[in-house]
Structures are given as structure tokens and as C-alpha cells.
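*Asks:* Provide a 3D model corresponding to the input given below.
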Amino acid sequence: MPNPPRIKTPGVYIEEVSAASQNVAQVETAIPAFIGYTEKATKIVEGDLNCVPTRISSFGEYVRYFGEAPVQEVAVHATSLGGGKGKKYLPASVSIGTPSDYRMYHALELFYENGGGPCYIVSVGGYKPDGSVDACELGSASACGGGLDAISGEDEITMILFPDANGLSGVNDSEYYGLFNQAMTQCYDLKDRVTIIDVKNDGLNDALAHFHQAAFLPEGLKFSAAYYPWLKTTLSYRTTENSILLLFEGLNSTPVSLAAAKGSGEYSRFITGDFLRALNQLLSQEPVLMPPSPAIAGIYNTVDVTRGVWKAPANVNVTATSGLTVPISDEEQGEMNVPPDGRAVNAIRQFVGRGILVWGARTLAGNDNDWRYINIRRFFNMVEESIKKATASFVFEPNDANTWLRVKTMVENYLMGLWRQGAMAGASPKEAFFVNVGLGKTMTQTDILEGRMILEMGLAAVRPAEFIVIRITVIMSTK
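*Replies:* Okay, the predicted model is just below:
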């Protein structure tokens, strides 16, 4: 306590006292980084955002800074209701051209539809607004790897996603999963984030075979989770009057664009309100196929907010989704969930009366009892990062019993709060966690002389009843 001021006159005096006791401020747990290709990358003040990690908090911000989806070409077959030339026509069917491999726009749509919040966008290249095939070279794993390097210094990020990875030009399976391996390596190095892997959009047997053949950093397995299959979403393709090509049965053999048809006396009489309404209805029924990771990232955020990061992000509905590219049975999921190499793939499944659900919450470290579940991994990421930041304020404090007691009390108070929220197993705090720090407990005299304060904690994670022990070393001043 500071010495009281010398007060000589009776009265009321105010003294501002610093709140010297430290608390552990909990870090964010669901801040993904989306790395891929965008229509533009420009901010009014900052200018060029190419390969610049940019924090946004809404889908509107994404559109403002990074643009929209590529324009999709659509062929429309229209039939005559009167059975002859000159009668009323209505669209009978639509055929989507080759879908664009640029999926960032739809990824952000899907993320926010599933409860997403703040996130980072890293644009590693652009495409023309019309989505033409010569827009640009779609890119490569190396370009996305550059985006990965760009986020290494962003401390707030907790998840890494590559929604465009499946369409990278000239990229084989080895390079595709090699990109995710780079992300897993960063997660292992920084220990504050995880990688969400989209298993390639192949048939089940091929998809799993190629996934299990991939070379991943063994230490990075516990910092990643894989999901399959891809989603048939309720999102809409971006079309224009020039990208909608009409073929009127019995009238023209060469398709004419909707824009041209509106301006032509030969076809304009067919473009009625009924025609346009029927066309929009057909277009809305064409599913945009998407990798699951954007929806999963949104679900992580939803579960974190409503239940806590320690709750498994599974048995949760995937919204803005009408179906799956591949149905998965109980037997098939068993093989996905418990493969011999431990690299589990979390299934997304459709159940009668329940909808489409995330039906797995495993990391790729399935053979590791401690780190088998993604909620355990993310919970420890949160605890470790929160305590790491809180203990930074002790770096230049004396490395003595008084400091150790303050650190121990601070950390125990934080863990007590988590236990009360149900974040840890155990009927009492003693069964849920322990915190040790001090000479003869976690440090030797040599540690103290060399300026190391070592904090040891054991946490009984909700799934495993045993303690998982972590050590945090604070490098103190030796002077």
C-alpha cells in the first residue's frame, strides 16, 4: 500500500488507488483466418489489402472490402405453354455451368449463417468480376502458403481455413494436404490455433484413402480436425442478365442472354413477370457446393458462445444446408472415426427428423488419449494463451515467494471460475485442477538464478478424468 497523504485539515479526501491485483483475462476462442482468393482487396484508408490479414466483424464488411462471388453462367431451357411459336414461354430447367473454384464469398456467407463472428480475411489473389476463365491463374498452394505466413504474427487468430484449396490449379493430393500440413506446423509452433481440414471432394473411399496417405507433421495432429463430406447449401449463385443464357424451344438453336432477349423484339415478349419468377425459383433450387470448414468455424463460435469452448462442437445442426454430397452410414463412420493411424475424419450426417448434423469432434491425434478431441485441444489453447498473457506482467517482478504466491492465486482464481462453469471434471476444485509454483516444487535454485519462473498446472478436462499437465515458463529479469 502507498503511504497515506499528509492530511492536516478535517474533511473528505479522494485517493486514487491502483488495482494492483492481476486477473487472467480470457482470450477469444473462435477467430478464424480465411485464406483464399477474392474479387478485390481494397480498403478506402489502408488501400491495397492483398496478402494483408484484415479483421472484419460482418458479412457486409467482407463485401465492402473484398467484393462478391464470381458471376456464374447458367443455361436455361424454356418451353412453350401453347405448343407453338409465338406462344407463352416459361423456364423448364436450368443447367449450371462449371462452378467457379473461387469460394471465399460463399465461405463467408456460410460462416455467418452458422453463427460466425469476427474473423480475418487474407486475400492471396484476385479474379475478374465476370468470373471469366482467363481471370487469372487460380493460384497455387504456395500462394496460400504466403497467406499463411502473413497470419503468423496475428495473435488473435485461433483457426485456419482454406476454402479455395480444393480448386487450386495444378495441385495434386500431396500438395493439397501439404498446404494443410504447413498450417498444422504453424499451429504446433504457436500453440494458440487449430487447422480445420476439408477432406477433398471425392467419393468416400478415394477421399479417405488420399487423406490417410498424406504426410502430416506428427506433432501437428493434435492441432487439427478434418471434416467430410461437402455440403449442398441453400446459398445462391451470383448471376447477371448476361450470364443467364436462354434457349427457347423451337425458336433458337443458339442461346441468347437474358439481357439480349429483353432488348430483342423477337424474344422480349416472353420475358414476363411470370417468366422471371419461375426463373428465380429454378435458380434458387441449384445448390452451391461448399467445403464444410466455413460452417464448422461458425459452429465453433456458436458453441463457444452458448456453451463454452470445452463443449464438443458436435450434435449441432449445419444451417444453410439442404443436403450432402455423400451420405454416410454408421458402419462407414466407424471407419472414419477410429482408423488404424488415428487420423479421424469427423462425419457430417443427415438424420431423418433431425436434419444435417456435425457428428464428430475428434482431432487427427485419435491414438492420443489426452488430445483426441478438438474441444479439449481448443480449451487448453484458451487456458494456456490466457495465462501466458496474464503472467507477462510478472516478467520484471522479483522471482521470490511473494511473486509466486501472487501468480498462484491469480491462476487458481481463473481456473476456479472455469470449473464453476463446467469446463473441468471433478466434484471439487481439488479434483478439477492444481497449480504449483516455487522452489523445490517446479524450480531449482539454478532456474531462479537463470531467471526462470516455472508454473505447473494440471487440469481435469471434461472428457478425460485424468489430469493433463502443462508447464508455463516465465523468463524473469536476473538483475
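*Asks:* Packing partners of the helix or strand encompassing residue 405?
*Replies:* For residue 405, the host element (DSSP states H and E) is helix 401-420. Counting contacts by 3 or more CB pairs under 8 Å, 6 or more residues apart in numbering; DSSP states H and E, helix 401-420 packs against helix 374-391, helix 429-432, strand 433-437, strand 452-460. For the C-beta atoms, the positions are set from N, CA and C on the backbone; glycine is no exception.
*Asks:* So, low pLDDT: which residues of the protein?
*Replies:* Within the chain, the segments meeting pLDDT under 70 span 1-8, 11, 13-21, 46, 83-86, 129-140, 169-171, 463-468, 477-479.
*Asks:* ok, now with 50
*Replies:* 1-2, 17-20, 132-136, 464-466 (pLDDT under 50).
*Asks:* residues touching the residue positioned nearest the centre of it, list them.
*Replies:* A centroid search over the chain (CA atoms, centre = their mean) returns residue 297, at 3.5 Å, as the residue closest to the centre. Residues counted as contacts of residue 297 (CB atoms under 8 Å, 6 or more residues apart in numbering) are 30, 32, 111, 114, 116, 119, 159, 161, 196.
*Asks:* Now that residue 210 has come up, it's in contact with residue 203, right?
*Replies:* No - taking contacts as CB atoms under 8 Å, residue 210 lies outside contact range of residue 203: 10.5 Å.
*Asks:* okay, now the domains of the chain?
*Replies:* 32-70+99-235+289-362, 384-475 (automatic domain parsing).
*Asks:* could you dump those to JSON lines with distance to residue 263?
*Replies:* Converted to JSON lines, the domains of the chain look like this (distance: least, CB to CB, whole Å):
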{"stretch": "domain 32-70+99-235+289-362", "distance to residue 263": "19"}
{"stretch": "domain 384-475", "distance to residue 263": "60"}
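*Asks:* Most tightly packed of those domains?
*Replies:* When those are scored by mean count of other CB atoms under 10 Å, the highest mean neighbour count falls to domain 32-70+99-235+289-362 (a mean of 20).
*Asks:* could the helices and strands packed on helix 401-420 be laid out in JSON lines, adding distance to residue 153?
*Replies:* Listed next are the helices and strands packed on helix 401-420 as JSON lines, based on distance: least, CB to CB, whole Å:
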{"stretch": "helix 374-391", "distance to residue 153": "15"}
{"stretch": "helix 429-432", "distance to residue 153": "34"}
{"stretch": "strand 433-437", "distance to residue 153": "30"}
{"stretch": "strand 452-460", "distance to residue 153": "25"}
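*Asks:* In a strand, residue 472, correct?
*Replies:* Yes - checked against DSSP: H, G, I helix; E, B strand; the rest coil, residue 472 lies within a strand.
*Asks:* residues in contact with stretch 369-378?
*Replies:* 29, 158, 194, 221-223, 225, 300, 309-313, 344, 361-363, 365-366, 461-464, 468.
*Asks:* Would you confirm that residue 123 contacts residue 37?
*Replies:* Yes - the pair residue 123 / residue 37 is scored as a contact, 6.8 Å apart, by CB under 8 Å.
*Asks:* still on that earlier bit, what's the distance between the spatially closest residue to the residue nearest to the centre of the chain that is not a sequence neighbour and residue 95?
*Replies:* Sequence neighbours aside, residue 32 is the residue nearest to residue 297 in space, at 4.3 Å (criterion: CB to CB, 6 or more residues apart in numbering). According to CB to CB, to the nearest Å, residue 32 and residue 95 sit 34 Å apart.
*Asks:* can you tell me how far the residue nearest to residue 192 when sequence neighbours are not counted sits from residue 326?
*Replies:* Excluding its sequence neighbours, the residue lying closest to residue 192 (CB to CB, 6+ apart) is residue 385, at 4.8 Å. Going from residue 385 to residue 326 by CB to CB gives 36 Å.
*Asks:* can you check residue 307 too?
*Replies:* Residue 307 is 29 Å from residue 326, by CB to CB.
*Asks:* Ok, residue 55 next?
*Replies:* Relative to residue 326, and taking CB to CB, residue 55 is found at 35 Å.
*Asks:* Could you do residue 56 as well?
*Replies:* 32 Å.
*Asks:* list the contacts for the residue nearest to residue 40 when sequence neighbours are not counted?
*Replies:* Leaving aside its sequence neighbours, residue 40 sits nearest to residue 67 (CB to CB, 6+ apart; 4.2 Å). The contact partners of residue 67, taken as CB under 8 Å, 6+ apart, are 38, 39, 40, 105, 129.
*Asks:* Report the separation between residue 67 and residue 315.
*Replies:* Where residue 315 is concerned, residue 67 sits at a distance of 36 Å (CB to CB).
*Asks:* One more: residue 284?
*Replies:* 29 Å.
*Asks:* and what of residue 161?
*Replies:* On the measure of CB to CB, residue 161 and residue 315 end up 22 Å apart.
*Asks:* Kindly report the same for residue 22.
*Replies:* Distance, residue 22 to residue 315, by CB to CB: 38 Å.
*Asks:* Fine, thanks again, bye for now.
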